[in-house]
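1. Below are the sequence and a predicted model for it; my questions follow.
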Amino acid sequence: MSDILPAYLLRAALGLVLGALLGTVARRGRFCTLGAIEDAVYAHDTRRARAWLLATGIAIFGTQFLETGGGLDLARSIYAGPRLEWGAMILGGAMFGFGMALVGTCSFGALIRLGGGDLRALLVLLVLGLSAYMAISGVTALLRVTITEPLSLDIGSQRLGGLLRLDQPGRNVVSVVAAAGLCIAALASRAFRETKRLLFGAIVVGCVIVGGWWTNGIAGFDEFETRAVGSFSFARPVGDTLLYAMLASGTKIDFGVASVVGVLLGSFASARHAGEFHWEAPDDAREVKRHLFGAFLMGTGGVTALGCTIGQGLSGLSTLSVGSMLALGAILVGARAGLYYLVDRHA
């Protein structure tokens, strides 16, 4: 197929299909990071958290398989470099998590909501995409670099196996143990196993993350390109999508933009099929302000942390990157702080 289509078009085509599958399954399976946190904290229901663990375990196993037997070079990803930007991971992750709580979902979840007709999500995505590019090369970029650049360490490799200085067989063992541990922890709950919608959704989400790695690192890989190899993420790609919408004649569509569009289309199709599509608007000015501020934090934080709950969470964790672990931990802490600010302090 790569002989028929240029690499970037092949990546875009596969990104659109995989994104549509991800959007469909995530909406039907209620796959949401913030929702999992809320269920666990306030309802003592860990089923959605276990779905997240299962998806991560499957993503780790599949990504490891592609690296050892499929020719995937994870050294070309942003998760495997020798420089651990711990300050950026902590600050950006906490900002993203707090903003996620203010908005009520992450950037991926906003796409799912927009597919169901939520105009608040449209507002969030517009501000998120704009603030992401402001943090990349705009008015907040200098401040971001000034604060986070000194807060980094050269650790040789961000991947757990490399950090432990294991040989390849040892790294394989670590990956398999980590993947199996997460899957076992997820499936230990009978309530989760019996919730087929969550179980099936988690399996598909994990496989789609692996499909993203296969698309960018194998099927659509071009050795003459300097682009980093990656899978799904929804921080910068939302900004890339807005930019492409304005400058399509001067830019090339790629996996990130196509995956954003695919998730939106998949969510829309799922909502229409289930009879869930209906237009929603903000209730009042206070809600609009909260969404604007939360979206700004998510866009700025997502770029600073080099990813979102999907980019640093599922995609990053599938490489067993300690940077991704640190970023995800900061996102979870930020989200919990945001929920405390919104809910607990008024209780």
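-> Happy to help now that I have it.
2. And stretch 67-86, what's buried?
-> 67, 70, 72, 74, 76-81, 84-86 (16 or more other CB atoms under 10 Å). For the C-beta atoms, the positions are set from N, CA and C on the backbone; glycine is no exception.
3. what's the farthest-apart pair in those?
-> Gly70 and Trp86 (30.9 Å; CB to CB).
4. List the ones among the buried residues of stretch 67-86 that fall in helices.
-> 67, 86 (DSSP state H).
5. ok, Phe31 - contacts?
-> 25, 48, 51-52, 55, 198, 201-202, 205 (CB atoms under 8 Å, 6 or more residues apart in numbering).
6. Mind putting those residues into CSV with secondary structure, pLDDT and neighbour count?
-> Putting those into CSV (DSSP: H, G, I helix; E, B strand; the rest coil; pLDDT from 0 to 100; neighbours: other CB atoms under 10 Å) gives the following:
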residue, secondary structure, pLDDT, neighbour count
Val25, helix, 97, 22
Arg48, helix, 97, 25
Ala51, helix, 97, 28
Trp52, helix, 97, 26
Ala55, helix, 98, 29
Leu198, helix, 96, 23
Gly201, helix, 96, 24
Ala202, helix, 97, 29
Val205, helix, 98, 25
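7. nearest to Leu122, of these?
-> Within the contacts of Phe31, the smallest distance to Leu122 is 22.0 Å, found for Val25 (CB to CB).
8. where do the helices sit along the stretch 101-250 of the chain?
-> In the stretch 101-250 of the chain, the segments counted as helices under DSSP state H, counting those that start in this stretch are 107-115, 119-137, 141-148, 160-163, 168-187, 190-194, 196-214, 236-247.
9. Looking at the last one now, give me its mean pLDDT.
-> In this case it means helix 236-247. Regarding helix 236-247, the rounded mean pLDDT is 95.
10. For it, name the packing helices and strands.
-> helix 119-137, helix 255-274, helix 285-304 (3 or more CB pairs under 8 Å, 6 or more residues apart in numbering; DSSP states H and E).
11. need the ones you listed in TSV with mean pLDDT, mean neighbour count and distance to Ile209, can you?
-> As requested, the helices and strands packed on helix 236-247 are exported to TSV (pLDDT from 0 to 100; neighbours: other CB atoms under 10 Å; distance: least, CB to CB, whole Å):
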stretch	mean pLDDT	mean neighbour count	distance to Ile209
helix 119-137	97	22	21
helix 255-274	97	23	11
helix 285-304	97	22	17
